[in-house]
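>>> below is the structure, and that's it, no one-letter string:
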């Protein structure tokens, strides 16, 4: 089965053929670490996480690089304003690198909670100043960039295909902005590669053009090409980064190397909150740490995967609650499959032929191979859960082989690929074990009480467990339990 | 109360007086991230963690920097051999930065488990190449260093006080090694600041002396001075780093700036295993991940603090078991104090005057102020626990104020400063809560069973809980429980 990927560069789905057979080099723009991550970060990094997982599942050896921006990202997201970290550091009265340290840690905490696999390398922009300077030096030497007053700018008129990613013509780009009277730029669409550091600027390094700091765009060119080579397979990022960030990356990289920079550009769509764009000024800005107070991280991950990465995701308490209810149903089914396996004799129904679930698997893989269509893939998982429930509640129990096949398929598709179905179906294995042991003692006590006709004890245990969020269900073969919504 | 610190530079305890009143700049050599951390790392970083905690407790604003060495540390710990990360990367067939990424993550996982607070900044050596080049450039310019064949060495004969930290005279240093016939060094004790990268060397950067990589020692000078200034208060590290690493740091830093580099040098002693030096060749090399399989991280931390940072710590299953038993006793006492608080009416024994525990606190602070004497500080905590036990088992219960004072003192001294006594006395708050709720249901069921004279149920619950590692103890006022050794 071939994988089709929507390539922003060509505006169509293309068959995925990596530059080096069996290997994938993939770069995704990471966070600017000046504040806690929000729900938009979750959408982006969960989406790319599932792509990495799926490519690996398909047998590709993926080298996944995601940077940490700790310098050069200015408050206006272009060439003007204050460095976002320096600004936050000034407010907190600490060194900018303390902000970077804290917020990088916070970011990975949130991503770990979302079960986003760590990138293979998370290079820091401030740790790759030399590499950035080297590219700029080459661009100046080859006439694509010019130095003025201690800063260096890329001359967009020297790179004719500028605009090929975003579809903007140079005229549009030039029209869109005006060269202020005090601007050092030759053309309004020119962008900064290196900025002169003014007197009090704390983030500064020596360079051939004097003390300064890199522009925002150049870091991604430097770090991606350092670890993946001058041409690589996949570059991802949020749709809002298409222009100017990625357009500038292409221009400076291809001008420096004379080679095509990236084969497939993938952009995820954005998050709205209750139908409106999320922004700090609208007051509907939701950090992940806040979201996790109300909803388990796996619910957030599940909600994200229920829509396609190229669709907007509308977030609301209702949509999260819907995801939670759906997920609980799915988890209950899988938990019951696993409980039944534990309680079933190895040889029970041994003669019974195993049911073949390969049709589900094929439909799932087809969905994933069609530009990573996770909502369809999730739908297949639910279809499988429906069949599982029918089997579990049928007159005669399914055989062991069927149960094991079911469980394995949930783990393979819902776990390995989607990152939703974990071994313990809860946040930590330890929790679950200690809890399960204690609940088991309560269930046994209750069983004993029933056989002694001590109904008061049986009722007391059921009622108290229910109050603690655990529901007992008496089945023919014994009692099973599940967590109920709190 | 003044703090006395043993300063390796002067070989005596000195009163601690920071360079800037109220502020402390502190740098500790961090790990070389080419493998999992071992028990020696734990001893070092737990020791310095307690120092940082204590200085902060005393009101100092501490800026704590601990580097990550991801380049330049060669296999012979001096100027020869292969880069440790490059070697590991070659074995694993990955990029060295993937090793750095994985092992940095592994390191912080282990430190988090040990309740070691994160440094304020964890700068990477590879992220500070420019800063290292700038110092080397200055040293060459001022005649302290010389370039030869694309490498740069520090000329120890130009720095007369070379040896002042380790107490080695230059003659001894020169005698200790011989200049091989093929060596580029002028003197055998000269050390590398910059090494030329041979053809296949992957970790390389452009420099005024051609493509190469920094020597091991220069990174710590560059990163400490970048974030703490040219002179700062405390530099820490393992005793094995006194020479050559720290000796070289002093020489290159003071030669470059003409100022004293560090006011207080603090060195922790090493770990032996069953009485023998820990080494990979002896097969007694214990990674933290392995140790944590057998013992809770808090036990490892506690064992470390039971000896002084300047003493060797001998590790064995027996010493860990001893620490575990001691810690469980302490935790049981504190747990009983907390349980009693929960069960005691706010107004009960209201008239009873609170007992004054300030003598314990003073003894504890005296111990800590005497060169961070944690074993004595731990002994005070145990004395306090003994008094707490006497009070809890006395004829008349202690009053609420006394109980609250006890609990606060355990948290302040054993928690905030030593990092042992946490709010939940277990690894995660969540665990404890879910568990406690379920155990409570079992205890209540048992109480009900007793009142119904259903002895079978009472016995069953007690036996099963005991098997699950939880012991019930019937007291006059009710039943309390505690975890027993597994």
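Here it is on my side, so go on. All figures in this text were calculated on a predicted structure; none of them were measured in a lab.

>>> name the residue of the stretch 351-486 of chain A that lies nearest to chain B.
Nearest residue of the stretch 351-486 of chain A to chain B: residue A:438, at 3.9 Å (CB to the nearest CB). All C-beta spots, glycine's among them, are computed from the backbone N, C-alpha and C.

>>> in a helix, that residue, correct?
Yes. If the criterion is DSSP: H, G, I helix; E, B strand; the rest coil, then residue A:438 is within a helix.

>>> contacts only, for the residue of the stretch 101-250 of chain A found nearest chain B.
Per CB to the nearest CB, residue A:127 is where the stretch 101-250 of chain A lies closest to chain B, at 2.7 Å. Applying CB atoms under 8 Å, 6 or more residues apart in numbering or on different chains to residue A:127 gives the contacts B:124, B:126-128.

>>> try 6 Å this time
B:124, B:127 (CB atoms under 6 Å, 6 or more residues apart in numbering or on different chains).

>>> helix, strand, or coil at it?
helix.

>>> if I look at it, how far off is residue A:70?
8 Å (CB to CB, to the nearest Å).

>>> near chain B, which residues of chain A? Just list them.
Chain A has residues A:97-98, A:101, A:120-121, A:124, A:127, A:129-130, A:205, A:431, A:434-435, A:437-438, A:441, A:454, A:457, A:464, A:468 near chain B, with proximity defined as CB under 6 Å from any CB of the partner chain.

>>> show me what contacts the residue of the stretch 351-486 of chain A closest to chain B?
Contacts of residue A:438 (CB under 6 Å, 6+ apart): residue B:438.

>>> got the domain boundaries for chain A?
A:4-268, A:327-417, A:429-483 (automatic domain parsing).

>>> now, of the ones you listed, which is deepest in the fold?
Most buried of the domains of chain A, by mean neighbour count (mean count of other CB atoms under 10 Å in any protein chain shown): domain A:4-268, with a mean of 20.

>>> pLDDT (mean, whole number) over that domain?
For domain A:4-268, mean pLDDT is 94.

>>> repeat that for stretch A:465-480.
The model assigns stretch A:465-480 a mean pLDDT of 79.

>>> what's the first-to-last distance across it?
13 Å (CA to CA, to the nearest Å).

>>> who does the host helix or strand of residue A:63 touch, helix- and strand-wise?
Using DSSP states H and E, the element containing residue A:63 is strand A:61-66. Packing partners of strand A:61-66 (3 or more CB pairs under 6 Å, 6 or more residues apart in numbering or on different chains; DSSP states H and E): strand A:23-28, helix A:39-57.

>>> ok, now with 8 Å
strand A:23-28, helix A:39-57, helix A:216-228 (3 or more CB pairs under 8 Å, 6 or more residues apart in numbering or on different chains; DSSP states H and E).

>>> so residue A:252 is in contact with residue A:138, correct?
No. Using CB atoms under 8 Å, residue A:252 is not in contact with residue A:138; the gap is 9.6 Å.

>>> ok so, going back, how much space is there between the residue of the stretch 351-486 of chain A closest to chain B and residue A:377?
36 Å.

>>> what's the answer for residue A:452, then?
In terms of CB to CB, residue A:452 sits 50 Å off from residue A:377.

>>> tell me which helix or strand comes right after the longest helix along chain A.
Longest helix in chain A, counting residues (DSSP state H): helix A:317-343. Using DSSP H and E, the helix or strand that follows helix A:317-343 towards the C-terminus is helix A:358-369.

>>> my read is that residue A:9 contacts residue A:265, right?
Yes. Contact criterion CB under 8 Å: residue A:9 and residue A:265 qualify, at 4.8 Å.

>>> what is in contact with these two at once?
With CB under 8 Å, 6+ apart as the test, residue A:9 and residue A:265 both reach residue A:165.

>>> between the helices and strands packed on strand A:61-66, which one is closest to residue A:328.
helix A:39-57 (19.5 Å; CB to CB).

>>> any idea of the angle the closest one forms with strand A:61-66?
160 degrees (axes from the mean of the first three to the mean of the last three CA atoms, to 10 degrees).

>>> which other helices and strands contact helix A:39-57?
By 3+ CB pairs under 8 Å, 6+ apart, helix A:39-57 packs against strand A:23-28, strand A:61-66, helix A:96-113, strand A:232-238, strand A:262-268, strand A:271-273, helix A:288-294, helix A:297-305.

>>> tabulate those (CSV), appending distance to residue B:191.
Shown next, in CSV, are those (distance: least, CB to CB, whole Å):
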stretch, distance to residue B:191
strand A:23-28, 38
strand A:61-66, 34
helix A:96-113, 28
strand A:232-238, 39
strand A:262-268, 43
strand A:271-273, 53
helix A:288-294, 46
helix A:297-305, 49
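
>>> any idea which of those gets closest to residue A:410?
Checked against CB to CB, the stretch from these lying closest is helix A:297-305, at 13.9 Å.

>>> tell me the average confidence for the closest one?
97.

>>> what's that helix packed up against?
Under the contact rule (3+ CB pairs under 8 Å, 6+ apart), helix A:297-305 is packed against helix A:39-57, helix A:288-294, strand A:313-315, helix A:317-343, helix A:374-392.

>>> and the angle from it to helix A:39-57?
Going by the same axes, to 10 degrees, helix A:297-305 makes 80 degrees with helix A:39-57.

>>> what is the orientation angle of helix A:297-305 with helix A:96-113?
80 degrees.

>>> chain center to helix A:297-305: distance?
Here helix A:297-305 is found 10 Å from its chain centre; the criterion is CA atoms, centre = their mean, to the nearest Å.

>>> tell me what angle that helix forms with strand A:262-268.
Going by the same axes, to 10 degrees, helix A:297-305 makes 110 degrees with strand A:262-268.

>>> tell me the buried residues in helix A:297-305?
Going by neighbour count (16 or more other CB atoms under 10 Å in any protein chain shown), the buried part of helix A:297-305 is A:297-305.

>>> got the angle for it vs helix A:374-392?
120 degrees.

>>> name the residues that touch helix A:297-305?
A:39, A:42-43, A:46-47, A:50, A:110, A:113-115, A:288, A:291-292, A:313, A:315, A:319-320, A:322-324, A:326-327, A:374-375, A:377-378, A:418-420, A:422, A:427.

>>> switch to 6 Å and redo it
With CB under 6 Å, 6+ apart, helix A:297-305 has contacts from A:42-43, A:46, A:113-114, A:291, A:320, A:323-324, A:327, A:374, A:378, A:418, A:420.

>>> same thing with stretch A:111-118?
A:42, A:45-46, A:49, A:297, A:301, A:419.

>>> gap between it and the chain center?
That offset, for stretch A:111-118, works out to 8 Å (CA atoms, centre = their mean).

>>> straight-line length of that stretch, end to end?
Where stretch A:111-118 begins and where it ends lie 8 Å apart, using CA to CA.

>>> what's the answer for stretch A:14-29, then?
End-to-end span of stretch A:14-29 (CA to CA): 22 Å.

>>> got it, and stretch A:51-62?
Note: stretch A:51-62 ends 10 Å apart using CA to CA.

>>> starting at the chain centroid, how far to it?
Between the centre of stretch A:51-62 and the centre of its host chain there is 15 Å, according to CA atoms, centre = their mean.

>>> please determine how far residue A:243 is located from residue A:172.
Taking CB to CB, one finds residue A:243 at 10 Å from residue A:172.

>>> before we move on, what about residue A:22?
From residue A:22 to residue A:172 the distance is 41 Å (CB to CB).

>>> what's stretch A:442-453 in contact with?
A:457-458, A:461, A:479.

>>> related to what we said a few turns ago, next, format the contacts of helix A:297-305 as JSON lines and append distance to residue B:209.
Converted to JSON lines, these look like this (distance: CB to CB, whole Å):
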{"residue": "A:42", "distance to residue B:209": "46"}
{"residue": "A:43", "distance to residue B:209": "47"}
{"residue": "A:46", "distance to residue B:209": "46"}
{"residue": "A:113", "distance to residue B:209": "46"}
{"residue": "A:114", "distance to residue B:209": "46"}
{"residue": "A:291", "distance to residue B:209": "51"}
{"residue": "A:320", "distance to residue B:209": "58"}
{"residue": "A:323", "distance to residue B:209": "58"}
{"residue": "A:324", "distance to residue B:209": "60"}
{"residue": "A:327", "distance to residue B:209": "59"}
{"residue": "A:374", "distance to residue B:209": "52"}
{"residue": "A:378", "distance to residue B:209": "57"}
{"residue": "A:418", "distance to residue B:209": "51"}
{"residue": "A:420", "distance to residue B:209": "53"}
